[in-house]
Structure formats: structure tokens, C-alpha cells
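Student: sequence first, predicted coordinates after that:
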Number of protein chains: 2
Amino acid sequence: MPSPSLSVRALDALPEVRPGDDLAALVLAANGGRPFLADDCVVVSHKVVSKAEGRLVELAAVEVSPRAADLAVVLDKEPALVQVVLDDTAEIVRARRGVLICRTHHGFVCANAGVDRSNVAEGWAVTLPVDPDASARALRAALPGRPAVVVADSFGRAWRHGQAEVAIGCAGLVAVADERGAVDRHGRELQATVIAVADHVASAADLARRKASGQPAVVVGGLGELVTPDDGPGAAVLVRAASEDLFGAA
Amino acid sequence: MPSPSLSVRALDALPEVRPGDDLAALVLAANGGRPFLADDCVVVSHKVVSKAEGRLVELAAVEVSPRAADLAVVLDKEPALVQVVLDDTAEIVRARRGVLICRTHHGFVCANAGVDRSNVAEGWAVTLPVDPDASARALRAALPGRPAVVVADSFGRAWRHGQAEVAIGCAGLVAVADERGAVDRHGRELQATVIAVADHVASAADLARRKASGQPAVVVGGLGELVTPDDGPGAAVLVRAASEDLFGAA
């Protein structure tokens, strides 16, 4: 069997993305106008997707609820920012000084419901796309060559330092490879057999880009059969429902 | 700035690794005898490291404690296997039917303390290396070209389906990169500024290999300044101490 080989290549920096911008056109230009290959996966930071989709909030214009105001005191955070976070939150997982871990409406468990103020104009915050899988499908459909697409974000982990890169949306990628039933060389069934492929693709992409330098798009090439003609169910299959939480107190 | 570009390439399959085998020689042979480049990172599945280091346990020879016997009933698992898991466990995080999540002596939180029966002979189990960072350093020192080394394993996540690939040991790699050059000591923000680079390298490698086919070694090339002359502190820096657990009930 030939050794599988992949490439990971950051595209050129994108210009500052504004609401209504044609993200596919910007990504294509960042690839020098060349179409992508059928087993490429284009990984984009969620932030450029959110910006193109107008998911920006001006903090000065936010009406702060009493709940957000109270929580802001506990957290030592800006009340308007806490309100924006609560607007995207289905359930607060943890709240203490400086730390607000939320389960979002999508089911993602992450700090501040994914709301972020970095790489955005002073006084504004950027929120997660409403439906990142739909965002990925739309971008895929618009990109020449129709590569797979991953929309990526950085999430903290319970027991490990450092942010992990995860796929919050994807299209045309086997998001989770289920190798259960496959056997090893001894005929024993494999254990660690459900692989978070889309998260691995997001992680690989992050190695090639530098967040601060405006390179939010990366091409992971050579994924072979992990790229599918159908868009598939997206990154939603990576979300563990609250009722299935393996590590919680339930 | 030129676009950073990486390659990810699985090495040839290794023969079955046995206690006392020279793992560096096997990895070098799997690379066709060619030395590695100075900014390569060789990623090896922990299992071949464990096997070479003799971290194999014959279940029939295990003396089962009353505690392990009781727990085996609750979990519906084999008593000898539960004993092997407990021997490597500092703290049980969760135990219920079929699921045993442990904090290992290293501080890793994972299923069954990393003890695994796949890719090992019937009646045996393989445990994690005693000191995976030391394993990585030794492998690095013995590999021509002195590439960085990551020892990888697959861990489940609290809130996401699918196994993530993580670095349980590393040498010569910036395991955690602070993108802003300054650690936030006030804990005010949980944004994406501290990147779990070693875990990303492990994840990228996993895309190129097939666990069932005996390809436990992968080269991630082009990592540039993420590979360091010094071995550095290893993957231990990725371990969040129990007292820092961000998501726990404390």
C-alpha cells in the first residue's frame, strides 16, 4: 500500500472581511484564482464566515438585561459582552470570575459561547455563525473544484492546557470516521475507533496559519476518500448531546 | 510573507514491535533508511513505544484486588483488565457500566487510563509508557537528523463525539504556543491565544495513517520554528492539574 500523504498550505492573507462580502471569491483570490482539487479541504476560521454573514455586534448598542448585569459583576466582565454571550447560550456550564463556559444553541461547549473580540474592531464583538454547517455547504458550492469545507474555531478543553482547533461546521468531509468493527492485525476489534476527522483537519490547518496575520484560510490536500461527493451531515455529528455527557456529574 | 506549508506522510508499516526492540531503528527503516529533516516531527503511536518498553501485561497473570473485582461488576468489564487500569490510575473521574474514565499518574484524563487491548496479542493488554516525554526524548536522540518527536494517543472528549488525537509525550517541539507572546495571568479572557501545537501535530498525523494497517509512524514536515534545538519541557505542559480543572464541579 502506498503511504498516504497530505499537504497543508495556508492561502494568502484575506482583506478585512465585511458583512455581505463574497467569501468564496475572497478565498479563491487568496488561492491565486486557481480552482481547488476534488480531495482538498478548505479550512476557514469561523471569524471570516461570521463577518461575511454579518454576525457582528456593536457593544454600545446592546441592551443589557438584569441577569447579564448581575453575571457581569460575578465574572468581572463587560455587561454588554455578557449579554451578547447569553444571547447565544442555551445553558451556562460554568461561571466564575473571568470564566464563562457555555453550551451554545448549536450544542458547542466553549468559552463565552464563542463570542470573541479579537481580530474585530474596537467596541465590537463577533459571534458564531447561526448554522456553521450551512455556511460550509454554501462556501463549498461556490468554490471552483468543489473542495470539502471546514469552518473552524478554537475551543478550550477540560483537562488539557492550550486551545484545540475544532470543526464547528463542515461540508463534504467524513466528519467522524467510524472504524468500529474493523480489526487489528491480531483479529481483535479496534478500540479508539471513532475518529474525529473533521477536528483533525481543523487542527492540521491551524499549524499552517498564523492567526494574527490575516491568513484565515488553509488548504489541506490529499484527503482522498475522506472527501465525499455529498455534503453529508456536517459537523453537527461531532456534538455530543448534553444528555450523553460522558464526564459530567449526571 | 510566504505561505507556510506542511507535509504529512505516513511511514511504511512497522513489523510487530517486541519488548527491547530498537524503535528508532525500526522507524528509520520505515523511512527507507533516510535521515529526517531538522524541522520534521516524527509522530509515533504510543502503542509501539509501550511495546518496545515492555509495557505489556498478561491478563491471566494479574492478581485482582477486591476493589477491582467489585468495580468490574459495576462496569461489566474483565476483572484483570480493571486491575491493570487501576494500577495506572491516580483518580477515577467516572465509572459506570462500560465506561471508566481515569486520571492517570501522568495526569492524563482518558478512558481506561490508556490501557488498551487492540493491536496486542490475545490475553494481553498494553499500558501507557511510564514517562512518555522521556520516551520521546530517547527516540529523538536516536533518530538521524534529530527530528522532533511526538508520542500520540487517542482520547475521548467530554462534549464532542469521536476521539481526538493528543500528544502524551514530545521532545523538541513547542508543545504549547502563545500567539500573543504574553500569557494572560488574570484569567480574564479565554480566547484562542494559547495553542495546543503538539496536539495539533498529533491530529494532523492521524489523518495520514490507518491504525489497523500497522502504520504507527508519521512524519509531519515543514514545522519550521515550532521545532526547537532543545528538547523542552515536553507534553507535560499540556496537562492541566486537577486543581485547575476549568470545567469540573469544584
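Tutor: Cool, the structure landed.
Student: just give the nearest non-adjacent residue to A:P19, would you?
Tutor: A:G54 (3.7 Å; Cβ to Cβ, 6 or more residues apart in numbering or on different chains). Yep, even glycine has a C-beta here, placed from its N, CA and C like the rest.
Student: residues near the one you found, how many?
Tutor: 11 (other Cβ atoms under 10 Å in any protein chain shown).
Student: and for the one 5 residues further on?
Tutor: The burial count assigned to A:L59 is 17, neighbours taken as other Cβ under 10 Å.
Student: wait, doesn't it sit right on A:A80?
Tutor: Yes - in terms of Cβ atoms under 8 Å, A:L59 counts as a neighbour of A:A80; the distance is 4.1 Å.
Student: give the contact list for the residue nearest the centre of chain A.
Tutor: Geometric centre of chain A, nearest residue: A:A152, 2.6 Å, by Cα atoms, centre = their mean. Contacts for A:A152 (Cβ atoms under 8 Å, 6 or more residues apart in numbering or on different chains) come out as A:43-46, A:165-168, A:202, A:205-206.
Student: which ones among those residues map onto strands?
Tutor: Taking DSSP state E as the definition of strands, the contacts of A:A152 contribute A:43-45, A:165-168.
Student: now for the residues you listed: which two are most distant?
Tutor: Across the ones in strands among the contacts of A:A152, the longest distance by Cβ to Cβ is 13.4 Å; it joins A:V44 and A:V166.
Student: list the contacts for A:V74?
Tutor: Contacts of A:V74 (Cβ under 8 Å, 6+ apart): A:95-97.
Student: hang on, it in a helix?
Tutor: Yes - counting by DSSP: H, G, I helix; E, B strand; the rest coil, A:V74 is located in a helix.
Student: now it: how far from chain B?
Tutor: 13 Å (Cβ to the nearest Cβ, to the nearest Å).
Student: again, but for A:A134
Tutor: The value you get for A:A134 to chain B, if Cβ to the nearest Cβ is used, is 20 Å.
Student: is it true that A:G169 touches A:A138?
Tutor: No - counting by Cβ under 8 Å, A:A138 is not a contact partner of A:G169; they are 10.0 Å apart.
Student: just give the number of residues close to A:V17.
Tutor: So A:V17, with other Cβ under 10 Å, has 21 neighbours.
Student: skipping adjacent residues, who's closest to it in space?
Tutor: Nearest one to A:V17, counting by Cβ to Cβ, 6+ apart, is A:K51 at 4.2 Å.
Student: surely that neighbour meets A:P15?
Tutor: No - assessed by Cβ under 8 Å, A:K51 is found out of contact with A:P15, at 11.0 Å.
Student: what about the two, which has more around it?
Tutor: The neighbour comparison of A:K51 against A:P15 (other Cβ under 10 Å) goes to A:K51, with 25 against 10.
Student: what's the spacing between the strand or helix carrying that one and its chain's center?
Tutor: Using DSSP states H and E, A:K51 sits in helix A:46-52. Averaging C-alpha positions (Cα atoms, centre = their mean, to the nearest Å) puts helix A:46-52 10 Å from its chain's average.
Student: for stretch A:141-154, same thing?
Tutor: Taking the mean of its C-alpha atoms, stretch A:141-154 sits 12 Å from the chain's own mean (Cα atoms, centre = their mean).
Student: where in chain A is pLDDT low?
Tutor: Where chain A drops to pLDDT under 70, the residues are A:1-4, A:181-192, A:210-213, A:245-250.
Student: before we move on, back to that, can you redo the ones in strands among the contacts of A:A152 as a markdown table with distance to B:A236?
Tutor: Output for those, formatted as a markdown table (distance: Cβ to Cβ, whole Å):
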| residue | distance to B:A236 |
| --- | --- |
| A:V43 | 29 |
| A:V44 | 33 |
| A:S45 | 29 |
| A:E165 | 21 |
| A:V166 | 23 |
| A:A167 | 28 |
| A:I168 | 29 |
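Student: quick one: buried ones out of these?
Tutor: A:43-45, A:165-168 (16 or more other Cβ atoms under 10 Å in any protein chain shown).
Student: so which of those are also by chain B?
Tutor: A:165-166 (Cβ under 8 Å from any Cβ of the partner chain).
Student: wait, which of the buried ones among the ones in strands among the contacts of A:A152 is closest to B:A125?
Tutor: Closest to B:A125 out of these is A:V166 (30.7 Å), distances taken as Cβ to Cβ.
Student: wait, doesn't that closest one sit right on A:H200?
Tutor: No - A:V166 is not in contact with A:H200 according to Cβ under 8 Å; the separation is 9.8 Å.
Student: can you give the domain ranges for chain A?
Tutor: A:1-54+A:129-239, A:56-128 (automatic domain parsing).
Student: most packed of the ones you listed?
Tutor: Stretch with highest mean neighbour count among the domains of chain A: domain A:1-54+A:129-239 (a mean of 21; mean count of other Cβ atoms under 10 Å in any protein chain shown).
Student: from the chain's centroid, how far away is that domain?
Tutor: Relative to its parent chain, domain A:1-54+A:129-239 has a centroid offset of 8 Å by Cα atoms, centre = their mean.
Student: tell me which stretches of chain A form strands.
Tutor: For chain A, the strands defined by DSSP E cover A:5-10, A:41-45, A:56-58, A:89-96, A:99-104, A:109-111, A:124-126, A:148-155, A:164-171, A:177-178, A:194-195, A:217-221.
Student: so which of those gets nearest A:A236?
Tutor: strand A:164-171 (8.5 Å).
Student: next, the angle strand A:41-45 makes with the closest one.
Tutor: Comparing the axes of strand A:164-171 and strand A:41-45 via axes from the mean of the first three to the mean of the last three Cα atoms, to 10 degrees yields an angle of 120 degrees.
Student: note down every partner strand of strand A:164-171 and its orientation.
Tutor: Under the criterion DSSP bridges, strand A:164-171 sits next to strand A:148-155 (antiparallel) in its sheet.
Student: kindly format the C-alpha coordinates of the strand it pairs with as PDB.
Tutor: The C-alpha trace of strand A:148-155 is given here as PDB (Å, rounded to 0.1, in the frame of the first residue of the first chain):
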ATOM      1  CA  ALA A 148     -14.700  20.000   1.100                       C
ATOM      2  CA  VAL A 149     -15.000  22.900   3.600                       C
ATOM      3  CA  VAL A 150     -14.400  23.100   7.300                       C
ATOM      4  CA  VAL A 151     -15.400  26.100   9.400                       C
ATOM      5  CA  ALA A 152     -13.000  26.100  12.400                       C
ATOM      6  CA  ASP A 153     -12.900  27.600  15.800                       C
ATOM      7  CA  SER A 154     -10.600  27.200  18.900                       C
ATOM      8  CA  PHE A 155     -12.100  25.600  22.000                       C
END
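Student: quick one: that strand to strand A:217-221, angle?
Tutor: Using the same axes, to 10 degrees: strand A:148-155 against strand A:217-221 is 120 degrees.
Student: angle of strand A:148-155 against strand A:99-104?
Tutor: Using the same axes, to 10 degrees: strand A:148-155 against strand A:99-104 is 150 degrees.
Student: what sits up against stretch A:49-60?
Tutor: A:17-23, A:78, A:80-81, A:84, A:120, A:123-130, A:132, A:135, A:139, A:151, A:169.
Student: which ones among these are found in helices?
Tutor: A:23, A:80-81, A:84, A:132, A:135, A:139 (DSSP state H).
Student: ok, back up a step: out of the contacts of A:V74, which comes closest to B:G32?
Tutor: Ranked by distance to B:G32 (Cβ to Cβ), the contacts of A:V74 are led by A:R96 at 53.4 Å.
Student: show me the beta-bridge partners of the closest one.
Tutor: Here A:R96, judged by DSSP bridges, has bridge partners A:V99.
Student: could you measure from it over to A:L81?
Tutor: 16 Å (Cβ to Cβ, to the nearest Å).
Student: likewise for A:E244?
Tutor: The value you get for A:E244 to A:L81, if Cβ to Cβ is used, is 30 Å.
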